[in-house]
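> No sequence on hand, only this structure:
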């Protein structure tokens, strides 16, 4: 793993098309099997709707209610307005603190700890679960992956 610099940057609001599913927990072994089939399904639906993707894949998470379950969001940037007739949602996402993770997502916990520690030490508070921007997605060799982790933050 290379540099672990956290950057608090204004990520412009981004419009994404998304599909969702529920995972048993926010742990990597529970997330992977849920999110992996969402992207191929999303890209098939975008193509059928004539909506071109604009940028890399993006994932984010939120509590699913009681217990440890989380809603897994698989998205990609698009340049269209929401439309209830489509079989995917269109949403806008806010700014966040970010860090780059190199390697497989199964090993993301150490990078997330660096990000969480920076947030706490600099007077911020996490405002939800992290998003994952897949800068370099390597399905055949996950060790070559490069992912920007984006954690929404706020001041108390």
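Received the coordinates, thanks. Worth saying up front: this structure is predicted, and the values here are computed from it rather than measured. Numbers count the residues shown, from 1 in each chain.
> From here on, just use CA atoms for contacts and neighbour counts.
Will do.
> May I have the predicted confidence score for the closest residue to residue 53 other than its chain neighbours?
Once flanking residues are discounted, residue 53 sits nearest to residue 78: 5.2 Å by CA to CA, 6 or more residues apart in numbering. Listed pLDDT for residue 78 reads 94.
> Can you tell me how far residue 78 is from residue 137?
Distance of residue 78 to residue 137, computed by CA to CA, to the nearest Å: 18 Å.
> Also residue 58?
The gap separating residue 58 from residue 137 is 11 Å, by CA to CA.
> Look at those two and report which has more neighbours.
Neighbour tally, residue 58 and residue 137, criterion other CA atoms under 10 Å: the higher count belongs to residue 58, 23 against 18.
> nearest spatial neighbour of residue 55, skipping sequence neighbours?
Counting by CA to CA, 6+ apart, residue 77 is the residue found nearest to residue 55 once chain neighbours are left out, at 5.5 Å.
> In the protein, mark out all the helices, start to finish.
Secondary structure of the chain (DSSP state H): helices located at 28-35, 38-49, 109-121.
> what's the pLDDT at the residue lying closest to residue 42 once chain neighbours are set aside?
Closest residue to residue 42 apart from its sequence neighbours, by CA to CA, 6+ apart: residue 19 at 6.3 Å. pLDDT, residue 19: 97.
> So residue 19 is in contact with residue 73, correct?
Yes: when contacts are counted by CA atoms under 8 Å, residue 19 is listed as touching residue 73 (5.9 Å).
> I'd assumed residue 15 was in contact with the residue nearest to residue 55.
Yes: between residue 77 and residue 15 there is a contact at 5.7 Å, judged by CA under 8 Å.
> any idea which residue sits dead centre in this protein?
Centroid-nearest residue in the chain, with CA atoms, centre = their mean: residue 59, separated by 2.4 Å.
> That one and residue 75 touch, don't they?
Yes: counting by CA under 8 Å, residue 75 is a contact partner of residue 59 at 5.9 Å.
> ok, the closest residue to residue 34 other than its chain neighbours - contacts?
Using CA to CA, 6+ apart and skipping the chain neighbours, the partner closest in space to residue 34 is residue 23 (6.1 Å). Listed by CA atoms under 8 Å, 6 or more residues apart in numbering, the contact set of residue 23 reads 30, 31, 34, 69, 70, 71, 72.
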